[in-house]
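Trainee: Here's a sequence, model it:
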Amino acid sequence: MFHVLAEQISLLPSDQDAHYFLLPVGRRVADKSGLSLHPILSLSPRDPQDQVRHLLSVGGTMTGQGYLACNVLLSSQWYIASLEWSLEQQVIQRFRFEPIESPARHIRTLISFDARAAGELHEVLGSEYDVLIMTLDGDAMIHCSPGYDPKEIELFVEHCQSAGGKEGTWLMGPPNEWTSDEALYSVFRHHARCRPDHPAIVSTQLTVTYAQLLTRVEVLMSHLAGHCQSGLPVALYLERGVQQIVATLACHGLGCPVVPIYYDTPLERVETQIAIVQCQCVITASEKARVLRCDSALIHIESLLKAPLPDATLPAAPLALNKPNYVYFTSGSEGLPKAVALPGQAIARLIAEPDFLGSMSEQVFSYIANPAFDASALELWGALYNGATLAILDKDEVLDVQILSDTLRGLGVTTSFFTSGLFNRIADAPVPVFDTLSYVMFGGEKVSMPHVHRALAQAPSTQFIHCYGPTENGIFTTTHVVDPCLALQGKDLPIGKPVKGTQVALLDHALQPVPHGKVGQLVCFGDGLATEYIGAKAQTEQKFIEFNGERGYLTGDYVRVSAEQEIEFVGRVDSQIKLNGFRIELSEIETALRTHEQVASAYVRMCPVKRQLQAFYTSVDGGDVTDVGRTVAHMPHYMQPAVVLRVATIPLNPNGKVDQNALDALIQPTPRPVLEEPHSETMHTVLAIYEAVLCAPVGDRDKSLFELGGNSLHLMQLLSQLRLTFAHRLELSFLAENSSPKAICEWVELQQWNQTQDETTQEWTF
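Mentor: Model prediction:
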């Protein structure tokens, strides 16, 4: 968030009011009272050129500058040092250290390894202008003009510090419990033979024992044998359910990595994903096979299930744990999805008696995650790897909070994972859900503490586990068991400690460990690492690095380690933005907004069109917070949002991320067209609910919720709000099929009319 060392090559006019964080380039000094001092502590001893390169690379990381330069004085000889910095890869592309006759006066940063006093050096550069001088000949000090912000300099110094080797921040999780020859499928088959009558899968419609499940899997393996070659990936384009589970196990038994594809993904993207991985075949439903266009063989799941039973089952050749077992897709910065190849050990390390859950064999895991989301593997194998039970919930049973609560209780579910967005929706609902569960895992993005507090109040006996981890390191990297007493103190939840078989380091821009308590990028090591991005060698080499002889993954997340050895999330590398020459950390503004006692949650972004900071917040009681601006008043003007808006909720897209389009509509609302009369009071109320849920005006009352920009999470919230507002039982299935404001208004008015008729009949009767 700093602009130290990053300089303009031409001198700015003296009357131009230009302030570039630590370095007000080219401005005349108004106050010549002297240079202030700031020590640079614990700076690693280095060769002078290496030291300069290190400091310039800090500038590249902090400022987002691609070119940096400074004057250097070494043994009475002047040099100019310049560095070309890759913003995308965060590495040095070129460093030059060239002698010059005299310092370049247009470059106002100077690094000195000479005994001359800082004041003398200021005179050499021209005392009438701002200057920043680092003297490293003895005691390392920064000398700067009076106009600099001491806090900003201290923060820059903090990021300059580094410790050599593993003596910095390096945390290790407990050792693994599994052995290398225990393939996921082999362990499942062992349980099926040892406890054949134990329920493997349950739902509100069926129960499948381990013996029955193994039989189905082995039959499907025999049917697939002629289509699938061991070691080559198979795409599963199926809805979550028994068929999808059987197909997953069959592929594992045949030694074929599974490529789960989200069933509602647009066909063009599905075809792209299949092509990237070069799947040998695609197992899907007939309705999808008819329209899918790809070079891979298409296998209709219905045809396989109707095929005659084979004379004998096929011997299994299960996937080894050190080989890719799954391929998951994540969004890519270059316009194409990234195919993350996960080995089986990435999953096994989490499910073999994890230290954040209780005894696994008697658990009942809910199965609610999208199969194309890596958390679904935790659910599936958490149950079947441990001889436990997997409880399938369909979409309607998840989105209707009342039905969700009833289903979890009815199936005896003990353990569930919820994305942060779904967790928040459930915590907001008037129906208790969490209290029936023994363990609730949640994560996927930054947690909302007000929602955590509500969940703790609703379910004081439930153990809540905050989970963190990129797909590239196998579902979870760290976990934190929530302490209710500490959580109520108001601090953000830490992301915790490494799970079994995982190590993490906090590294600086130069890939050196940061001192304990300092901020660094989280880098993951150990058994959870993906093997590669399939078909993307350059991206693999960019994100997977070698550190002290070990392979690691750069998460892009800035974290620190607390005194309790808990990792605390600070922000994303890419949440830093540049606005009018200033580097800004958006999470810092969000944290400040959340310090207001009436602010429940906050989100800050830079509008790419208006080039302004925009802040959105939700309030504790739903009302406006008139003095919310005081929380950021202490920040520099360039960090104060131009727009601060209260919203009913921070809008989310189907993946649980912030919906930028909905925010755009809120900032730039289009006038609502004049709706035809009559416009009833009920319609006014319904439209108000829709607009609160969508965070945008409703322009057409005949359009469905989804045509208006909504998604399944909006549907869930809309159902809850309509039930609270109108005293009528609205079913999710009806709302999903009739989600336009007009249809809902007509339904409500019909219920009101029926209720009036019933009351009139009662009057006549009695």
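
Trainee: who's in contact with stretch 546-553?
Mentor: Stretch 546-553 has contacts (C-beta atoms under 8 Å, 6 or more residues apart in numbering) with 165-166, 470, 472-473, 503, 505, 507, 511, 523-525, 529-530, 543-545. Where you see a C-beta, it was placed from the backbone N, CA and C, and this is true even at glycine.

Trainee: from the chain's centre, how far out does that stretch sit?
Mentor: Mean-position distance between stretch 546-553 and its chain equals 23 Å (C-alpha atoms, centre = their mean, to the nearest Å).

Trainee: What about Gln93, how many residues nearby?
Mentor: Gln93: 12 surrounding residues under other C-beta atoms under 10 Å.

Trainee: Take the contacts of stretch 546-553 and keep only those in strands.
Mentor: Counting by DSSP state E, these place 503, 505, 507, 523-525, 544-545 in strands.

Trainee: which of the contacts of stretch 546-553 count as buried?
Mentor: 470, 472-473, 503, 505, 507, 511, 523-525, 529-530, 543-545 (16 or more other C-beta atoms under 10 Å).

Trainee: Pick out the lowest-pLDDT one from those residues.
Mentor: By pLDDT, Leu511 ranks lowest within these, coming in at 84.

Trainee: pretty sure that one contacts Ile545?
Mentor: Yes: counting by C-beta atoms under 8 Å, a contact exists between Leu511 and Ile545, whose distance comes to 6.7 Å.

Trainee: can you pull the buried residues of stretch 560-567?
Mentor: Quick answer for stretch 560-567 (16+ other C-beta under 10 Å): 560-561, 566-567.

Trainee: All the strands of the stretch 251-400 of the chain, residue numbers only.
Mentor: For the stretch 251-400 of the chain, the strands defined by DSSP state E, counting those that start in this stretch cover 258-260, 281-284, 297-300, 324-330, 338-343, 364-367, 389-392.

Trainee: Select, out of the ones you listed, the one closest to Leu687.
Mentor: strand 364-367 (35.2 Å; C-beta to C-beta).

Trainee: mean confidence for that closest one?
Mentor: On average, strand 364-367 scores 97.

Trainee: Then stretch 293-309?
Mentor: pLDDT averaged over stretch 293-309 gives 85.

Trainee: Likewise for stretch 587-604?
Mentor: What stretch 587-604 shows for mean pLDDT is 86.

Trainee: Going forward, count from 828.
Mentor: Sure, I'll start counting at 828 from here, so that last one is stretch 1414-1431.

Trainee: Just the residues contacting that stretch, thanks.
Mentor: With C-beta under 8 Å, 6+ apart, stretch 1414-1431 has contacts from 828, 1275-1278, 1319, 1397-1399, 1402, 1413, 1440-1448, 1452, 1454-1455, 1457-1459, 1461-1462, 1466, 1468, 1477, 1485.

Trainee: which among the residues you listed end up buried?
Mentor: Neighbour counting by 16+ other C-beta under 10 Å classes 828, 1275-1278, 1319, 1397-1398, 1402, 1413, 1440-1446, 1452, 1455, 1458-1459, 1466, 1468, 1477 among these as buried.

Trainee: Please enumerate the helices of the stretch 1228-1377 of the chain.
Mentor: Under the criterion DSSP state H, counting those that start in this stretch, the stretch 1228-1377 of the chain contains helices at 1228-1238, 1247-1255, 1276-1285, 1311-1314, 1364-1370.
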